[in-house]
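S.K.: Sequence and predicted structure below; questions after.
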Amino acid sequence: MIFMKNNFSVIIRCKNEERWIGHTIQSVLDFIPNNEIIIVDNNSSDKSLEIANSFNKDPDLRGNNENYTEVSTYNLSSYSPGKSLNLGVQKCNYDNILILSGHCVIKKFNLKQIVSNLNNFSGIFGNQNPVYLGKRIRKRYLWKHFVEKEIVNMYSEMEERHFFHNAASVFKKKTLLDFPFNENLVGKEDRYWANNIIVNNKKTFYDPLNFEVDHHYTSNGNTWKGVG
């Protein structure tokens, strides 16, 4: 692990994300200048990996390095959400970790403040704006959790448990090594992770003021099931 205060390892889970993954990676480069990208792929059959690798820095070329980064790809055939994230964490070289959906595009990322907040919280997640086929839609159902105020240990009356969403979330690597995601779950591993964190007297933070993404519709996205 490399301890560099403002550097981020960015984990992106991928399954046929060619429509948005280029936008996702470009937004990382726009907001986080010192980063590495770790793609954990689940047998994509489209151009997702080709697009992701087009951002890979060529050590033999000089200039325009801000337009490229280190991109590493790993395939995981026996997929579960938790297993893919835990694999990504193991491959991270930096202490700060951003988990980002392959169809989320960063719109706000106050790097200095987010790194500072990680000293006080085990996990931070940002605001998400649902975008359905190019159109921003009203925040209903799950999206109602993404309000405009900061919340410590968000509790969901809808789900009757603590809420967390890792489509756009940040952590310290040590935290995720000490508290890995449950690899046996087929979904909502983020909520179970948050409940475990809070049971262990630690805190999560919802930070819409410093962290925001557009969450674009994809037919493969679990967040979009029944929405649209």
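M.R.: Structure received. The model shown is predicted, which means the values in this text are computed figures rather than measured ones.
S.K.: buried stuff in stretch 206-213?
M.R.: For stretch 206-213, burial by neighbour count (16 or more other C-beta atoms under 10 Å) applies to 206, 207, 208, 210, 211, 212, 213. Quick note: C-beta positions are derived from backbone N, CA and C, even for glycine.
S.K.: so for that stretch, what's the average pLDDT?
M.R.: Mean per-residue pLDDT for stretch 206-213: 98.
S.K.: chain center to it, what's the gap?
M.R.: The chain centroid and the centroid of stretch 206-213 are separated by 13 Å, computed with C-alpha atoms, centre = their mean, to the nearest Å.
S.K.: By mean pLDDT, flag the weakest helix or strand of this structure.
M.R.: In the chain, the helix or strand scored least confidently by mean pLDDT, DSSP states H and E is strand 135-136, which has a mean of 91.
S.K.: Filter the buried residues of stretch 206-213 down to the ones in strands?
M.R.: 206, 211, 212, 213 (DSSP state E).
S.K.: With distance to residue 104 added, can I get these in TSV?
M.R.: Compiled in TSV, these are given as follows (distance: C-beta to C-beta, whole Å):
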residue	distance to residue 104
206	16
211	11
212	10
213	4
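S.K.: Kindly confirm whether my reading is correct that residue 36 touches residue 9.
M.R.: Yes: using C-beta atoms under 8 Å, residue 36 makes contact with residue 9 at a distance of 5.3 Å.
S.K.: Specify which residue of the two has the higher count of neighbours.
M.R.: Shown here are residue 36 and residue 9; by other C-beta atoms under 10 Å, residue 9 has more neighbours (24 against 20).
S.K.: rewinding a little: what's the offset of the next helix or strand after the least confident helix or strand of the chain from the middle of its chain?
M.R.: Proceeding N to C from strand 135-136, the next assigned helix or strand is strand 151-152, under DSSP states H and E. Centroid separation for strand 151-152 versus its chain: 19 Å, with C-alpha atoms, centre = their mean.
S.K.: counting contacts, what elements does strand 151-152 pack onto?
M.R.: strand 204-206 (3 or more C-beta pairs under 8 Å, 6 or more residues apart in numbering; DSSP states H and E).
S.K.: Can you name the residues in contact with the strand it packs on?
M.R.: The contact list for strand 204-206, computed with C-beta atoms under 8 Å, 6 or more residues apart in numbering, reads 117, 120-127, 145, 150-154, 162, 164, 194, 197-198.
S.K.: Touching both of residue 36 and residue 9, which residues are there?
M.R.: Listed contacts common to residue 36 and residue 9 are 92, 93, 94; contacts here mean C-beta under 8 Å, 6+ apart.
S.K.: Most neighbours among these, which one?
M.R.: Neighbour max across the shared contacts of residue 36 and residue 9 (other C-beta under 10 Å) = residue 92, 23 neighbours.
S.K.: which residues does that one contact?
M.R.: The contact partners of residue 92, taken as C-beta under 8 Å, 6+ apart, are 1, 9, 11, 36, 38, 173.
S.K.: farthest-separated two in the buried residues of stretch 206-213?
M.R.: Greatest spacing in those, by C-beta to C-beta: 206 and 213 (13.1 Å).
S.K.: Give me the common contacts of the two.
M.R.: 126, 127.
S.K.: Can I get the shared contacts of residue 36 and residue 9 in JSON lines including pLDDT and distance to residue 105?
M.R.: As requested, the shared contacts of residue 36 and residue 9 are arranged in JSON lines below (pLDDT from 0 to 100; distance: C-beta to C-beta, whole Å):
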{"residue": "92", "pLDDT": "97", "distance to residue 105": "22"}
{"residue": "93", "pLDDT": "96", "distance to residue 105": "24"}
{"residue": "94", "pLDDT": "96", "distance to residue 105": "22"}
